[in-house]
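Trainee: Give me a model of this one.
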Amino acid sequence: MKTFHLLSGPWPWYVAGPLMGCTIPLLLFWGNRMLGASSSLKHLCALVPSKAEYFQYDVRKGYWNLTFVFGVCIGAALCYRYFYETEQVMIAASTMADLQLLGLSDFRGLMPEEIFGQNQYQQPRFWSFTLLGGLFLGFGVRYAGGCTSGHGFMGLSQMSKASFLAVMAFFAGGMFFTFFLLPYFLI
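Mentor: Here you go, the predicted structure:
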């Protein structure tokens with residue numbers, strides 16, 4: 001069996017998975033907190049003085065959530081900077097062939113220039129997909145009562161039927177975008 005070193009790259013599933021799974025009971029038992037990121041925007045908005053009744057609550061209960069999201073952003077930035085800044089990302093040959101059929105040829109880095117490069121910001125379809133995607137995502141998160149991490153980790157661990165349906169809808173939406181909309185985005 002291949003060994004891994006803590007700071008040598010991505011952690012294998014058999015280490016990362018159980019650690020993620022242990023997070024849920026620790027949050028519930030020791031902090032009486034629920035994992036999720038989507039409510040952080042509500043807490044952030046509640047910090048700004050407003051007359052909207054929706055934001056009139058004790059925001060101090062949400063500080064831990066803001067700290068969690070801030071930590072996720074800092075951790076992602078550090079991991080990207082120190083562990084994933086690479087010239088070549090390992091992609092399955094079949095995926096690479098599918099992407100080449102869609103017109104991609106440069107597979108260097110985590111964010112290929114052909115999709116995320118500066119010239120993409122000038123394309124109307126980039127902005128339409130970004131704005132529509134953000135609108136649908138925001139609506140879906142509020143309509144479903146939480147984000148993927150909230151439903152996927154917390155809801156499923158509590159055997160919530162609503163979370164099960166939400167997670168199925170998240171995956172179905174992701175597959176729909178990947179197989180039906182993404183080809184139009186890249187062409």
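
Trainee: Please make it C-alpha for all contacts and neighbour counts, starting now.
Mentor: OK.

Trainee: Check the offset of stretch 17-36 from the chain's centre.
Mentor: How far stretch 17-36 lies from its chain's middle: 18 Å, per Cα atoms, centre = their mean, to the nearest Å.

Trainee: What lies in contact with stretch 61-80?
Mentor: Contacts to stretch 61-80, defined as Cα atoms under 8 Å, 6 or more residues apart in numbering, come from residues 36-37, 39-40, 43-44.

Trainee: let's see 6 Å
Mentor: Stretch 61-80 is contacted from outside by 40, 43, using Cα atoms under 6 Å, 6 or more residues apart in numbering.

Trainee: cool, and stretch 127-147?
Mentor: Contacts of stretch 127-147 from elsewhere in the structure, counted by Cα under 6 Å, 6+ apart, are residue 38.

Trainee: Give me the buried positions along it.
Mentor: In terms of neighbour count (16 or more other Cα atoms under 10 Å), stretch 127-147 has its buried residues at 140-141, 144, 146-147.

Trainee: So which of those residues are in helices?
Mentor: Judged by DSSP state H, helices contain the following of the buried residues of stretch 127-147: 140-141, 144.

Trainee: Would you convert the buried residues of stretch 127-147 into a markdown table that also reports distance to residue 124?
Mentor: Listed next are the buried residues of stretch 127-147 as a markdown table, based on distance: Cα to Cα, whole Å:
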| residue | distance to residue 124 |
| --- | --- |
| 140 | 24 |
| 141 | 25 |
| 144 | 29 |
| 146 | 30 |
| 147 | 28 |
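
Trainee: just those residues now: which is nearest residue 16?
Mentor: The closest of the buried residues of stretch 127-147 to residue 16 turns out to be residue 147 (Cα to Cα; 20.4 Å).

Trainee: where's that closest one relative to residue 68, distance?
Mentor: 14 Å (Cα to Cα, to the nearest Å).
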